[in-house]
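Peer 1: Any chance you could fold what I've pasted below:
(chains A and B)
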Amino acid sequence: MHNASKHLLFILAPLVVVFALLPGVYQNHLLLFNFVIFLILAQGVNIIYGFTGYLPFGYVGFFGAGAYGFAIMVMHLQTPAPLAVLVGGVVALALGLLLTPLLRLSGAYFAIANLAASLAVLHFVANPALEGITKGPYGVSLTGTFNPTHAYYAAVVVMALTVGAVIYLKNSPFGLALQAVREDAVSASMAGVNIIKMRVIAWLASALVAGLAGGIYAWYVSVFYPDNVFSGEFSIFAIVFALFGGVATITGPIVGVLILYGIYNLIGFTTPQYFQLIYGLLIMGLVLFLPAGLVSLATRRGWHVP
Amino acid sequence: MTYALVAGVLFGLYFSLVGIGLNLVFGVMRIVNLAHGDILMLGAFIALGVVGIAGIDPLFAVPLAFMVFVLAGVLLYWVLVPRLQGSANPEMLSIILFFGLSQVIEAVTTIFAGTSERSIQSRLLGTVFTTIKVKWFGGRAGGAGPIQIFGQGFPAPWVIAAITSLIAIGLVYLYLYHTRLGTLTRAVMSRRDEALATGIDVDRVSAAAFGIGLGIAAVAGVFAPFMFGSVTPAFGADATVTSFAIVVLGSLGNPLGTALGGVVYGLCYMLVQTYLSSWADLLPYVLLIVILLLRPSGLLGRRVRVA
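Peer 2: This is a model prediction of the structure:
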């Protein structure tokens, strides 16, 4: 069987089926929803960081932009929710286009500039001077479209699309070219790869995915503040989940989310400081002792990990 | 207007002090110290401790904070950095590693100090000077009043912080350009592998730079309660981004560049605050992005990067 169809059949299909059926057996729907959202975001980070090497430290900027794109459509134009989610994706796409010049920066400069960009968008949206449009720092309330069941299934659909995109990257000449650019941009361009076009496409794809996730998140929670949807935790969690599993693989980010976010909810600390402490130590240990993620444990033994 | 300009320069000098430690660490090791702001916060807590326990002028916290964090920095360097440099992509992973460190610092501080805002009465800073003045020249004892510059009154802590920053920048300059270790440091900054090949003990030089960078950050932190009004354990993250804006605005590996960057930043900050206050929060981020895109090597930098 072809590799790509094998991946679709044995990774994507079970994942979608499990998450489509779980709400029937498991009562904590918010937890399931968060799992799906983080799966989307971790795979979105995987697309840009795993395949191009750009670390999107302000990834949440797209998520928040998607959420506010959704909110503004619903508040001012009374758009139906699924359409507004798409608009959220388009808003994030536009933000991604606006930020494409950042791709000229390399290494840490890009990560810092991206972080600054996400904070700039946050302060822009939360500015009291724009209260008429975004409701400023006072938050939005979208009770009219509130429908967690539909939002959950929309999230599963977007997750399927995102994982599908990663499967495509993993099995196509396009993905291979991207990885070549990541390893050595000069050699790749000598080999005839259009570096700029490649990077921009990957960048916009990961922006779109995060925007859709943000729109669906807004649909699901329906009441939120700028600080919620632009919380740096989304970027950090997504990056750490992806790294923990192992980037540039299909299964790595999935395993990372299931294990780390699972632990997060199992421990369920009552005092956030202790959680923050353990999380910080976990991140440091991860970078120092397992920089290539969990999958490197298997690849080191010579096993192939999709 | 005069007020905004002078306040901008005073704040700017202080901002250079905030940025300069980060500049050293990033310039020498290509490591993004995302925990920079948290070191600042710890410095502020040392000042709080000095005032709270000993009840003396917080200026005494400056040498204490510096010593403590030079030692802590050297120690931390040996624990974290050699292992990090061995990995595939140290620059990127350093961001994540130091993010983890900043989380740990923030959490530990919160556990011990709580989340409430702390501040120090600003008249306590500089009491050592007034005491000396009273001893030598007589006069009335008491806190330092506002200091007059160009006919406008400025809080004494701002002026003291600005002067301390000037001294610290001068010392960093002396260290980099007039000591042997400083010359080695500049060699490592410009080309790490070549420095290694010529037999420079890169790790020792880097450890020293890391320690000094953290020490200066802690010194800047001592003044943070006066410049920003109060500090909380969560204050670190914003301080880090601001420091980055300043460092990039100046240029990497050039302490004079950071001084210039700080002053430009301080002036912009004060002017925006005066005329467009609701947009002042946006400034550091927008400034950072614009500078990165237009002139990635900074105001005083040479062109160094290709592609």
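Peer 1: Alongside chain B, which residues does the stretch 1-150 of chain A contribute?
Peer 2: Counting by C-beta under 8 Å from any C-beta of the partner chain, the residues of the stretch 1-150 of chain A close to chain B are A:53, A:55, A:57, A:101-102, A:104-109, A:111-113, A:115-117, A:119-120, A:123-124, A:127-129. Yep, even glycine has a C-beta here, placed from its N, CA and C like the rest.
Peer 1: Just the buried ones from the residues you listed?
Peer 2: Among the residues of the stretch 1-150 of chain A next to chain B, those buried by neighbour count (16 or more other C-beta atoms under 10 Å in any protein chain shown) are A:53, A:55, A:57, A:102, A:104-109, A:111-113, A:115-117, A:119-120, A:123-124, A:127.
Peer 1: Helices of the stretch 51-200 of chain B, residue ranges please.
Peer 2: Applying DSSP state H, counting those that start in this stretch to the stretch 51-200 of chain B gives helices spanning B:61-85, B:90-113, B:127-137, B:156-178, B:180-190, B:192-197.
Peer 1: show me what contacts residue A:79?
Peer 2: Counting by C-beta atoms under 8 Å, 6 or more residues apart in numbering or on different chains, residue A:79 touches A:73, A:87.
Peer 1: mind running it again at 10 Å?
Peer 2: A:70, A:72, A:73, A:85, A:86, A:87, A:145 (C-beta atoms under 10 Å, 6 or more residues apart in numbering or on different chains).
Peer 1: got it, and residue A:247?
Peer 2: Counted by C-beta under 10 Å, 6+ apart, residue A:247 has contacts A:42, A:45-51, A:53, A:239, A:253, A:256, A:292-293, A:295.
Peer 1: out of those, which is most surrounded?
Peer 2: residue A:253 (34 neighbours; other C-beta atoms under 10 Å in any protein chain shown).
Peer 1: Could you list every helix and strand in contact with the helix or strand harbouring residue B:37?
Peer 2: Per DSSP states H and E: residue B:37 is located in helix B:36-49. On a contact count with 3 or more C-beta pairs under 10 Å, 6 or more residues apart in numbering or on different chains; DSSP states H and E, helix B:36-49 meets helix B:2-29, helix B:61-85, helix B:90-113, helix B:202-227, helix B:236-249.
Peer 1: so where's chain B uncertain?
Peer 2: B:55, B:115-153, B:233, B:252-253, B:295-307 (pLDDT under 70).
Peer 1: swap the cut-off to 50 and go again
Peer 2: Applying pLDDT under 50 to chain B picks out residues B:139-143, B:303-307.
Peer 1: measure residue A:111 to residue B:239 for me?
Peer 2: 17 Å (C-beta to C-beta, to the nearest Å).
Peer 1: Pull up the residues of the stretch 151-300 of chain B that are close to chain A.
Peer 2: Within the stretch 151-300 of chain B, the positions near chain A by C-beta under 10 Å from any C-beta of the partner chain are B:233, B:237-238, B:240-241, B:244-245, B:247-248, B:252, B:276, B:278-294, B:296.
Peer 1: Throw together a PyMOL command that grabs the buried residues out of the residues you listed.
Peer 2: Selecting only the buried entries of these in PyMOL, with 16+ other C-beta under 10 Å as the criterion:
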select buried, chain B and resi 233+237+240+241+244+245+247+248+252+280+281+282+283+284+285+286+287+288+289+291+292+296
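Peer 1: got a list of what residue 249 touches?
Peer 2: Went with chain A since none was named. Residue A:249 neighbours (C-beta under 10 Å, 6+ apart): A:46, A:50, A:166, A:170, A:242, A:255, A:293-296, A:298-299, A:305-306.
Peer 1: ah, I was thinking of chain B
Peer 2: Residues in contact with residue B:249 (C-beta under 10 Å, 6+ apart) are B:15, B:19, B:257-258, B:260-265, B:268, B:284, B:287-288, B:290-292, B:295, B:298-300.
Peer 1: Give me the spatial nearest neighbour of it, chain neighbours excluded.
Peer 2: residue B:261 (3.5 Å; C-beta to C-beta, 6 or more residues apart in numbering or on different chains).
Peer 1: Can you name the next helix or strand after the host helix or strand of residue A:91?
Peer 2: Assigned by DSSP H and E, residue A:91 belongs to helix A:81-98. The helix or strand immediately downstream of helix A:81-98 is helix A:107-125, counting by DSSP H and E.
Peer 1: and that next one, what's its mean pLDDT?
Peer 2: Averaging pLDDT along helix A:107-125 gives 85.
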